[in-house]
Every structure is written in structure tokens, then in C-alpha cells.
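Engineer: test case, fold it:
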Amino acid sequence: MARTAKTAAGPRGGAPLSPLIHGRVRLLILSFLVRSGRSQTFPAIRRTLGVTDGTLSVNLSKLEEGKLVAIEKSFEGKKPVTLVKLTARGRKEFSDYLEDLRAILPSDPVSG
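Structural biologist: As a prediction, the model looks like this:
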């Protein structure tokens, strides 16, 4: 069955879903940051998502490389603190991702 133009490309003509965002953990990270509306600490994200330090670190690095999040490291006393913030670009790309997802979903996904 041939794919229609609507499902072959996203609303902006590119790939229908950003591979950077579409990874499960990266999608969860961005969703959590959007929902919270503020910067979050590394441990708060890890606990909320139920992922390991390594998994979170790798996925945050990818999001930071793509400029979707900004990571700020500081100290509170002698204790290191890592804050993760959604960037303006991250908010826009997440919004675009949701728009692309809506565009490729059937209007009534339950009945097909």
C-alpha cells in the first residue's frame, strides 16, 4: 500500500518524527520538562522516569548536543548539582514533534 504524502512527511515536509526526540527516554525527558515548566535536577528526572544514571546521562547528552536542553552544573556547598532546562529550541521542536504525531495519527485511533 502506498503511503500518502501526509504520512510520508511531517507538516513541514521533513521526516515525520524527529529521531532525536522519538527515542523513548528522550521523549519522556522532554515531556517531563514541558509538564513541570521549570528546570529539574538530575536526581528528580531519574527518579520520576525510573531510569539509571547512565541511561539518563547518555540521553541528556544527546538532547544537549541537539540544543534541546541546557545543562548547568554547580555546587550547593560541596555537593554537586546538575540542573536540566528545556531551551526555547527544545520547546519549539517538542511542539513540532507533537504536531507531526497528530498529523500521522488517524483521526480516531481507537476505531481505525
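Engineer: going by C-alpha atoms from here, please, whenever you check contacts or count neighbours.
Structural biologist: Noted.
Engineer: out of the helices and strands in this protein, which is least certain?
Structural biologist: Across the helices and strands of the chain, mean confidence by mean pLDDT, DSSP states H and E is lowest for helix 5-8: a mean of 44.
Engineer: after that helix, which helix or strand is next?
Structural biologist: For helix 5-8, the following helix or strand on the C-terminal side (DSSP states H and E) is helix 19-22.
Engineer: who touches that following helix?
Structural biologist: 26-27, 30, 62-63, 66, 94, 97 (CA atoms under 8 Å, 6 or more residues apart in numbering).
Engineer: can you dump the C-alpha coordinates of that helix into PDB?
Structural biologist: In PDB, the C-alpha atoms belonging to helix 19-22 read as follows (Å, rounded to 0.1, in the frame of the first residue of the first chain):
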ATOM      1  CA  PRO A  19      14.700  10.800  15.700                       C
ATOM      2  CA  LEU A  20      16.300  13.000  18.400                       C
ATOM      3  CA  ILE A  21      13.000  13.300  20.200                       C
ATOM      4  CA  HIS A  22      11.400  10.000  19.300                       C
END
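Engineer: mind checking how far that helix is from the chain centre?
Structural biologist: Put simply, helix 19-22 sits 7 Å off its chain's centre (CA atoms, centre = their mean, to the nearest Å).
Engineer: now the element after that helix, going C-ward?
Structural biologist: Per DSSP H and E, helix 19-22 leads on to helix 24-36 as the next helix or strand towards the C-terminus.
Engineer: just the CA trace of that following helix, in PDB.
Structural biologist: Extracted in PDB, the C-alpha atoms of helix 24-36 (Å, rounded to 0.1, in the frame of the first residue of the first chain):
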ATOM      1  CA  ARG A  24      11.600   6.600  24.400                       C
ATOM      2  CA  VAL A  25      13.800   8.100  27.200                       C
ATOM      3  CA  ARG A  26      14.400  11.400  25.300                       C
ATOM      4  CA  LEU A  27      10.600  11.800  24.700                       C
ATOM      5  CA  LEU A  28      10.000  11.100  28.400                       C
ATOM      6  CA  ILE A  29      12.600  13.700  29.500                       C
ATOM      7  CA  LEU A  30      11.200  16.400  27.300                       C
ATOM      8  CA  SER A  31       7.600  15.600  28.300                       C
ATOM      9  CA  PHE A  32       8.600  15.800  32.000                       C
ATOM     10  CA  LEU A  33      10.400  19.200  31.400                       C
ATOM     11  CA  VAL A  34       7.500  20.600  29.500                       C
ATOM     12  CA  ARG A  35       5.000  19.400  32.100                       C
ATOM     13  CA  SER A  36       7.000  20.700  35.000                       C
END
